[in-house]
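**Student:** I need the structure of the sequence given here:
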Amino acid sequence: MMASDLRGKTTAENKQELIELLRAQFSLRMQIATQQTNKTSELGKLRKSIARVHTVLRESELKAVGK
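**Tutor:** Purely as a prediction, here's the structure:
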């Protein structure tokens, strides 16, 4: 997911996206731990997506405050 896509969404939608990504990350971590999957590179992609959502949420917080 691109940051520009996230900026077009509302804060509530971004928070929901963050929750979904965190659940997917947890699920993938459990699959890797129990050796049910070999998609270890997906974990890094999920972490970057989570960071993007956090960044956009922080940008919107700062914009609301006026900084």
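
**Student:** Please enumerate the strands of this protein.
**Tutor:** According to DSSP state E, the chain carries no segments that qualify as strands.

**Student:** got the contact list for the residue sitting nearest the centre point of the chain?
**Tutor:** Central residue of the chain (C-alpha atoms, centre = their mean): residue 50, 2.4 Å from the mean position. By C-beta atoms under 8 Å, 6 or more residues apart in numbering, residue 50 lies in contact with 18, 21, 22, 25. C-betas here are computed from N, CA, C, even on glycine.

**Student:** could I get the residues you listed as TSV with neighbour count, distance to residue 57 and pLDDT?
**Tutor:** Output for the contacts of residue 50, formatted as TSV (neighbours: other C-beta atoms under 10 Å; distance: C-beta to C-beta, whole Å; pLDDT from 0 to 100):
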residue	neighbour count	distance to residue 57	pLDDT
18	18	7	96
21	19	12	97
22	13	13	97
25	17	16	96
